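J.: Need a 3D model of the sequence below.
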Amino acid sequence: QVQLVESGGGSVQAGGSLRLSCAASGRTFSNYFMGWFRQAPGKDREFVAANRWSDGSTYYADSVKDRFTISRDNDKNTIYLQMNSLKPEDTAVYYCAASRVVGMVSPTISSTYAYWGPGTQVTVSS
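T.: Purely as a prediction, here's the structure:
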């Protein structure tokens, strides 16, 4: 059973930085997409970033490109989301997700992912 646990959320002022971590267990993730999504109050869950474990390909939402960086530590089975230049509109619950890479699935769509962490709150004040 795949388990994902996020950490690193918190409160920060606009312009600040946070690094989220997602510890993954229960499977070998060599052929998985690992993604980050977020959901603000009253809004749909939206894609933030993803990493294809097998070749390190990365994907970003336009709203976070050049500010956020997704990375991974193979030895620790952990993925990270480094968030810089944070804005109040980045405030949301951030979720880590995992999906086997099967066929032509898109890493930017939430329905691609079968496994989700419980989420971690990020609050950015102006």
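
J.: mind listing what the residue positioned nearest the centre of the chain touches?
T.: Centroid-nearest residue in the chain: residue 36, 1.8 Å away (criterion: Cα atoms, centre = their mean). With contacts defined as Cβ atoms under 8 Å, 6 or more residues apart in numbering, the neighbours of residue 36 are 20, 22, 48-50, 70, 79, 81, 94-97. All C-beta spots, glycine's among them, are computed from the backbone N, C-alpha and C.

J.: Tell me how many other residues surround residue 63.
T.: Applying other Cβ atoms under 10 Å, we find 14 residues neighbouring residue 63.

J.: For it, which non-adjacent residue is closest in space?
T.: Computed as Cβ to Cβ, 6 or more residues apart in numbering, the closest residue to residue 63 that is not its neighbour in sequence is residue 89, at 7.9 Å.

J.: Double-check that that neighbour belongs to a helix.
T.: Yes. The assignment for residue 89 (DSSP: H, G, I helix; E, B strand; the rest coil) places it in a helix.

J.: about what we covered before: tell me the one among the contacts of residue 36 nearest to residue 63.
T.: Set against residue 63, the nearest of the contacts of residue 36 by Cβ to Cβ is residue 48 (8.3 Å).

J.: For that closest one, give its distance to residue 20.
T.: Note on residue 48: its distance to residue 20, by Cβ to Cβ, to the nearest Å, is 10 Å.

J.: repeat for residue 72
T.: For residue 72, the distance to residue 20 (Cβ to Cβ) stands at 12 Å.

J.: Need the residues touching each of those two.
T.: With Cβ under 8 Å, 6+ apart, residue 72 and residue 20 have common neighbours residue 80.

J.: With neighbour numbers in mind, choose between those two.
T.: Neighbours were counted for residue 72 and for residue 20 using other Cβ under 10 Å; residue 20 has more, 24 against 18.

J.: Regarding the residue nearest to the centre of the chain, what is its secondary structure?
T.: Under three-state DSSP, residue 36 comes out as strand.

J.: show me what contacts the closest residue to it other than its chain neighbours?
T.: When the adjacent residues along the chain are set aside, residue 36 lies closest to residue 48, with 4.3 Å between them (Cβ to Cβ, 6+ apart). Applying Cβ under 8 Å, 6+ apart to residue 48 gives the contacts 35-38, 60-61, 64, 68, 81, 94.
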